[in-house]
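Trainee: have a look at this prediction, sequence included:
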Amino acid sequence: MTQHIGIIGAGLAGLTAAQSLRAAGLRVTLFEKSRGLGGRMSTRRVDGLQFDHGAQYFTARGAAFKAQVEAWRISGAAAPWFEESYVGAPGMTAPSRALGDGLEAVTARTATRLVRNSGFWRVDDAEGPIEAPGNGAFNSLIVAVPAPQAQTLLAGAGVELPGLSAARYAPCWALMLAFDEAHKHVASRIKPDEGAISWIARDSDKPGRRSDKETWVVHASPDWTREHIKLTPDEARAALLERFVALTGISAPPAYMSAHRWLYALVEQAAGAPYLWNSQMQIGACGDWCIGPRVEAAFDSGRAMAEMVLSQAQNA
Ligand SMILES: Cc1cc2nc3c(=O)[nH]c(=O)nc-3n(C[C@H](O)[C@H](O)[C@H](O)COP(=O)(O)OP(=O)(O)OC[C@H]3O[C@@H](n4cnc5c(N)ncnc54)[C@H](O)[C@@H]3O)c2cc1C
């Protein structure tokens, strides 16, 4: 009988694993807490505006990810931005949407409990078993969420994956701004070496964006975010706007402004293995935290995890 694999988390790691397993003939169901796919490769859409408030761009170093990026470029889901970097087009979610095409996904449901019974896994949310395509009984599970969240889920299932607790993330406050007028004299990308801000980008300059307003994304540095982790979004917005004005000289009142706090943004310390796997329990975990702070790391981890699950399925 065809093996059915459940995957928690439809960021790039979960989606990549799902596509690889499906291509090999396994049945896959994804569980995602957000309404859309893509995780931190995200695009916030509001009032006719859009902002890539998570990942800003990606680069491809290895052959496998280079081939994937090229496929996205040919289909129009990604486009070159500056130097060797790419962005999703028309937004950062586009590559994930392309990867999610044809996959079974249960969205807007947060997995809170993983239950193993008679050799099969089941995924629950706060209300009980999540209704899923098939009978919701999985031969194996892949947990493709940030390490601290994976640890909570796995501990609840009585599974320990050595190395998981070693992974650490930096948090990041992100500020999104829109202006009625353009400020073309200001550089499109500013990367201060120190201080409260680590990155400023004119989002509306990225390829494929259509906007009658000029939009900007500002990322606070890990240190500043840690020191200000408890600010309300309104307080963070005000504090970061002040620094944006100082760094860019743009003092016009924004037509739109909001702040978002990422508790898990960039990996600061990776687990150091491409995935973690417990063969007795047929459960594993993957994500950028296995390898490093990059979109490509999530892709490589998801791919390696899928190869492991596939080899187990072939020997079952
Ligand atoms: C502010 C910021 C800036 C960044 N800048 C860059 C950059 O410029 N270049 C770069 O290469 N990388 C960048 N990154 C990192 C990049 O976004 C990540 O490395 C990559 O997207 C991680 O993919 P992932 O699949 O491992 O995890 P995620 O994208 O986090 O996916 C995990 C998914 O699991 C879901 N989930 C979590 N818990 C549950 C649950 N209990 N039940 C169901 N679903 C759940 C989440 O909603 C999410 O969709 C940035 C990230 C942030 C936040």
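Mentor: Cool, the structure landed.
Trainee: residue numbers of this structure in contact with the ligand?
Mentor: Residues of the chain lying near the ligand by CB under 6 Å from any ligand atom: 8-14, 31-34, 39-41, 54-58, 110-111, 144-146, 149, 172, 174, 219, 262, 265-266, 287-288, 293-295, 297-298. Placement of C-beta: from N, CA and C, glycine included.
Trainee: from the residues you listed, which land in strands?
Mentor: Among those, the residues falling in strands (DSSP state E) are Ile8, Phe31, Cys172, Ala174, His219, Trp262, Ala265, Leu266.
Trainee: contact partners for the residue nearest the centre of the chain?
Mentor: Among the residues of the chain, the one closest to the centroid is Arg40, at 2.7 Å (CA atoms, centre = their mean). By CB atoms under 8 Å, 6 or more residues apart in numbering, Arg40 lies in contact with Gly11, Gly54, Ala55, Trp262, Tyr264, Ala265.
Trainee: okay, the closest residue to the first one other than its chain neighbours: pLDDT?
Mentor: What it means is Gly11. Nearest non-adjacent residue to Gly11, counting by CB to CB, 6 or more residues apart in numbering: Gly39, 2.6 Å away. At Gly39, the model reports a pLDDT of 98.
Trainee: state the distance from Gly39 to Ser96.
Mentor: Computed as CB to CB, to the nearest Å, the Gly39 to Ser96 distance reads 7 Å.
Trainee: equivalent analysis for Ile190, please.
Mentor: When distance is defined by CB to CB, Ile190 is 27 Å away from Ser96.
Trainee: who's more crowded, these two?
Mentor: Between Ile190 and Ser96, counted using other CB atoms under 10 Å, Ser96 has the larger neighbour count: 25 against 17.
Trainee: a helix runs through that one, doesn't it?
Mentor: Yes. Counting by DSSP: H, G, I helix; E, B strand; the rest coil, Ser96 is located in a helix.
Trainee: contact partners for the residue nearest to it when sequence neighbours are not counted?
Mentor: Distances taken as CB to CB, 6+ apart place Gly38 nearest to Ser96, at 3.3 Å, with adjacent residues excluded. Contacts for Gly38 were tallied using CB under 8 Å, 6+ apart; they are Ala10, Gly11, Leu12, Leu15, Met92, Thr93, Pro95, Ser96, Arg97.
Trainee: what's the answer for Asp234, then?
Mentor: Contacts were defined as CB under 8 Å, 6+ apart; by that measure Asp234 touches Ala259.
Trainee: Gly25 too?
Mentor: Taking CB under 8 Å, 6+ apart as the definition of contact, the neighbours of Gly25 are Thr2.
Trainee: that one and the ligand: what is the separation?
Mentor: Distance of Gly25 to the ligand, given as CB to the nearest ligand atom, to the nearest Å: 23 Å.
Trainee: can you verify my assumption that Lys191 contacts Val218?
Mentor: No. With contact defined as CB atoms under 8 Å, Lys191 and Val218 do not form a contacting pair (11.5 Å).
Trainee: which of these two has more neighbours?
Mentor: Of the pair Lys191 and Val218, Val218 is the one with more neighbours under other CB under 10 Å, namely 25 against 11.
Trainee: which residues touch the closest residue in space to that one that isn't next to it in sequence?
Mentor: Leaving aside its chain neighbours, Val218 sits nearest to Leu175 (4.0 Å; criterion: CB to CB, 6+ apart). By CB under 8 Å, 6+ apart, the contact list for Leu175 reads 216-220, 236-237, 240-241, 244, 257-259.
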